[in-house]
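K.L.:
Turn this into a model:
(2 chains)
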Amino acid sequence: MTIKHCDYSQHYRPRMAFTKKIEALVLEMQDPDTGIKTQTQRLVITTIPHAMTGHDILEWIINRLQILDEEAQNIGNLVVQYGYIYPLQEPKNLILRPDGSLYRFQTPYFWPTQQWPAEETDYAIYLAKKNIRKKGVLEDYEKENYNILNIRLNHKWDFVIMQAKEQYRAGKERKKADRVVFEFQERAYWLVHRPPPGAPNVIDYGLDRFSDPNENQVTQKKTFDVYRREIIFNQHSLMKSRVKSSVSLGGIVKYCEQYFNHDPIMTGCLPSNPWLTDDTQFWDLNAPLSEVPTKLRVERWTFSFRELLSDPRGRQDFQLFLRKEFSGENLAFWEACEDLKYGDQSKVKEKAEEVYKTFLAPGARRWINIDGKTMDITVKGLKHPHRYVLDAAQSHIYMLMKKDSYGRYMKSPIFKETLNKAILPEPTKISESKFPFNKRHRRSSPSPVILRQLEQEARAKAAATGPVDITQLCKFTSPIPHLTVYTGFCEPTSPTGTALCDFPPPSPGLMTLPNSTACPSPICVAIESTPASERKFEPSSISTQFLTIAESTEMSVSSDSSTAVVEETKQPSHKSRVALSFSRFLKRGCSNSPIFATLSPKCPAVNSGRVQPMNGEPQHQPQHHHHHHHHHQGQQKTKKTNNFFQIKVDIPSECRIYPIDSEDEEEEDCPNSVKNNTVKEVICPWETITEDGKAG
Amino acid sequence: MGKEECKTLLDALNKVIACYRHLVVTVGGTSDSQHLREELKKTRKKAQELAVANRNKLTTLLRDNTASKEDRAEYERLWVIFSTCVEFLEVDMKKTLEIGQEFPLNVPKRYLIQSGMSGGTSAVAARAMSAQNMKYEADSNIDVADLKELENEINQVGELMMEMEMKVNVANWTVEAKQDPGAELKSTISVGASSVGMISVNDETKSACDPTRVLAVVIFCAFLFIAVILAVLVIKLS
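P.N.:
Numbering: from 1, shown residues only, chains lettered A, B, ... in the order given. Got it, this is the predicted structure:
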């Protein structure tokens, strides 16, 4: 027995559901009153009735379905393609010609169905019959198919031959006209179901299903656990919040109304649609980071906070505003979270660490203000970092920005200025003459690689020369945790360093900068205990900067412009230093962060001086003093190690309350281990023992 | 010999199935009619009878373990032909059922598809029934009434096939065809061993050629006659 065509539950969701619709239409065409008028086809000797012109068919479809010409042509083509109507004069060309070419209806037996696809046996019989009739003259592809079928159906071949002969003979019993019609019908059927090479196979609907889509597939053993999960699932579904359709529809309407003017398809775009007028001004004006945004764009920022954040230019503006308010770290944190989510996942661990060091660690350089619970969750999650580990914190910050800063931003002078400067482009003048010689001079747009480089340079420049923002995170450069501390320039600062600006103004004359509220000390410790490998030579520059800063801070809070840059650069490094010995900090249960937070908006310049990258240990105080003098002398030197360690700061009393670990003991050895001048990075609490060992 | 009987039976079945196919193709078209439905019914019944007879014969032959190897191969070949015939028949019957349900004849607003067929199919049916003329004795609502029976018959045929498979174990793919590709071309003219249809086929071919042939002969004779007369006149005159 041959394997029958299995239904595989196709009838539950039939692929060829359109057949029913076409059939209904075809049936309506048969009505003698309202259907299509037929005429007779005259062949050489015979006349065959029931032929129609393509034009008539089209007219009828248009009238019946009340559609336009184009659509009717489409539907007519479909009807012919699937074989419900076949052309008489050009049988292979299965389209509906709107002229006088003749068509005829196919008999229902040969209508396409999903249940009975065209069988190979039938095709073989058809070919054999054709062979007989035409005495061996078949088309090439038919001959090929014939041979293939002969091999494939070899066991049935006798049957095929017998049937072919018998059918041929039985056919002779019929009227000549009917015989001719039958031949037409069969040919039309096989042209649809076995198309010649080059013709599209319309019957192919893809793969068959192997299971009933409506059947309940789950046949797992109904254990207690299964039921329990089912119950939980259903309970959750009940608890799901539902929105009334009136509400959601109202929302859609509101959205459409609001964005109607901003949609370039609905309302035209100014200056003009580049695709139509060849004027690329529209794209230039709406580039992601354009100098002067368009009015529409700025208006969009007022719609919602999300709009503002999703537009890079808006973010830039917002960043400027936040800097003024000294809460730029929020946006920076948000951006860092986005980068973690959507960025390269192979670097997820490093990114998470950096984010922690820069934003979350107590005493971090750009510490963000989130509640304790979220902080706990995030820190815990950071042990096993993944894409969404910072989600809770990110949404907290997002809501903070949205509820707080966004409102103020909208009223701020920055925004108002941007709004005033925003341009409303002129519509392009379409030149009358369309001479080919008047062709617009086109140049290819700059390569994305170059664009990206330019962008990065611009960012770096902005970061270097922008307003002094203590909480500025130079995130454009590749953060190298170890190196950042040592680099003198702001770029490569990794997110290290706590908010240095958190320190209270140093008492003048305090070379040792006693005000390094706890933060420096950990750094100092950290630095001392970092493994040698982490040592870099760069600290020297930083140390010199520290020195100078220390000097300058002694004098005054303000720093002149020349040192401003230096300060800036030092600040991050300071901060990084401070943040480095983070683990120690944590071990001390350092709650410096609140202190830092409160202090951050204050005198940045001063604070930089506070940052004593090295030990701020109280015990080291005397040593610090000692070293500090030494350090003074060594100011000019570029010997980093010495300088580095010699900047000691007194730990203010607040810091001393923290339990002091063995790290402190280590720190005491610090001055001695000048050679170990490696800046230790802030150790994240989950980091491995190697550092812990050193850190104590 | 069992083989010969088998073959004849099989040929008969084959013929009936071929005729049935022709009949089914016209269902739903303009040449559909009550008569057609009746023809279908009768052909169907005949086919089923033949199928049963065939099956019985073949099962006995195949069950016979004393047959020689060539015989056995032959029987298997016949068996494959037979099973394909029955499958063929079953599909056609199912299609008849479906189209028949879609195109009831006496419903006022249901129109038949204008497929171009206008003639009757009685000759085909007669061929199937091996009768000279078809007699129609069914009621006028055969198109609807018949469908129920049709369903039952389809089930019966299905069961027949199942039984076949269960009883006899024949590997289809091991059967080799006796006919080469293109064999149909050779043997259309020489009718072969199909005894039942032979005479009628011969008649057919003759009758098909006859009108044209007769005409040609007549014209030729006419020309000859005229030529002869002219020649005589010429001779007479000269």
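K.L.:
The helix or strand hosting A:L276: what's the following helix or strand?
P.N.:
If you go by DSSP states H and E, A:L276 is part of helix A:274-277. Remark: after helix A:274-277, the chain's next helix or strand is helix A:281-285, criterion DSSP H and E.
K.L.:
for the helix or strand following that next one, packing partners?
P.N.:
Past helix A:281-285, further along toward the C-terminus, the next helix or strand under DSSP H and E is helix A:295-301. Other elements packing on helix A:295-301 under the criterion 3 or more Cβ pairs under 8 Å, 6 or more residues apart in numbering or on different chains; DSSP states H and E are helix A:305-310, helix A:312-325, helix A:413-421. From N, CA and C alone the C-beta is placed, and that goes for glycine too.
K.L.:
returning to what we had before: list the buried residues in the helix holding A:L276.
P.N.:
Buried residues in helix A:274-277, counted by 16 or more other Cβ atoms under 10 Å in any protein chain shown: A:T277.
K.L.:
Please export the C-alpha coordinates of it as CSV.
P.N.:
C-alpha atoms of helix A:274-277 as CSV (Å, rounded to 0.1, in the frame of the first residue of the first chain):
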residue,chain,number,x,y,z
PRO,A,274,15.0,63.7,0.1
TRP,A,275,13.8,60.8,-1.8
LEU,A,276,11.6,63.0,-3.9
THR,A,277,13.6,66.1,-4.3
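K.L.:
What segments of chain B are helices?
P.N.:
B:2-25, B:34-63, B:69-102, B:122-129, B:142-167, B:183-186, B:195-237 (DSSP state H).
K.L.:
just checking, what packs against the helix holding A:L276?
P.N.:
helix A:281-285.
K.L.:
What lies in contact with the helix it packs on?
P.N.:
Helix A:281-285 is touched from outside by A:264, A:269-274, A:290, A:292-294, A:423, A:425, A:428, with contacts defined as Cβ atoms under 8 Å, 6 or more residues apart in numbering or on different chains.
K.L.:
what stretches of chain B score poorly on pLDDT?
P.N.:
By pLDDT under 70, the weakly predicted segments of chain B are B:1, B:32, B:187-211.
K.L.:
re the thing from before, deepest in the core, which of the helices and strands packed on helix A:295-301 is it.
P.N.:
helix A:312-325 (a mean of 19; mean count of other Cβ atoms under 10 Å in any protein chain shown).
K.L.:
What does A:I48 show for phi and psi?
P.N.:
phi -120, psi 130 (degrees, to the nearest 10).
K.L.:
distance of it from chain B?
P.N.:
In this view, A:I48 and chain B are 5 Å apart by Cβ to the nearest Cβ, to the nearest Å.
K.L.:
again with A:K461
P.N.:
A:K461 is 78 Å from chain B, by Cβ to the nearest Cβ.
K.L.:
give me the element that residue is part of.
P.N.:
Since the elements are taken from DSSP H and E, A:K461 ends up inside helix A:448-465.
K.L.:
helices or strands next to that helix in the packing?
P.N.:
Against helix A:448-465 (3+ Cβ pairs under 8 Å, 6+ apart) you get helix A:561-580.
K.L.:
now the helix it packs on: mean pLDDT?
P.N.:
The pLDDT scores in helix A:561-580 average 45.
K.L.:
ditto for stretch A:119-137
P.N.:
Mean pLDDT, stretch A:119-137: 91.
K.L.:
One more: stretch A:45-54?
P.N.:
Computed over stretch A:45-54, the mean pLDDT rounds to 88.
K.L.:
Contacts for it, please.
P.N.:
Contacting residues not belonging to stretch A:45-54 are listed as A:36-41, A:76, A:87-88, A:96-105, A:176-177, A:180-181, B:30, B:114-116, B:118 [Cβ under 8 Å, 6+ apart].
K.L.:
of the residues you listed, buried ones?
P.N.:
Buried subset of the contacts of stretch A:45-54 (neighbour count, 16+ other Cβ under 10 Å): A:36, A:38, A:41, A:76, A:87-88, A:96-98, A:101-105, A:177, A:180-181, B:30, B:114-116, B:118.
K.L.:
And the strands in chain A?
P.N.:
In chain order, chain A shows strands spanning A:39-42, A:47-53, A:85-87, A:102-105, with DSSP state E as the criterion.
K.L.:
Next, format these as TSV and append distance to A:E71.
P.N.:
Converted to TSV, those look like this (distance: least, Cβ to Cβ, whole Å):
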stretch	distance to A:E71
strand A:39-42	26
strand A:47-53	20
strand A:85-87	17
strand A:102-105	19
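K.L.:
so which of these comes closest to A:D317?
P.N.:
Closest to A:D317 of these, according to Cβ to Cβ: strand A:85-87, at 63.8 Å.
K.L.:
Report whether that closest one contacts chain B.
P.N.:
No: Strand A:85-87 lies out of reach of chain B by Cβ under 8 Å from any Cβ of the partner chain, never closer than 10.2 Å.
K.L.:
Please name every helix or strand in contact with that strand.
P.N.:
Identification of packing neighbours for strand A:85-87 by 3+ Cβ pairs under 8 Å, 6+ apart yields helix A:69-81, strand A:102-105, helix A:176-193.
K.L.:
I'd like the helices and strands packed on helix A:295-301 laid out as CSV, including distance to A:Y109 and mean pLDDT.
P.N.:
Shown next, in CSV, are the helices and strands packed on helix A:295-301 (distance: least, Cβ to Cβ, whole Å; pLDDT from 0 to 100):
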stretch, distance to A:Y109, mean pLDDT
helix A:305-310, 60, 93
helix A:312-325, 65, 91
helix A:413-421, 73, 91
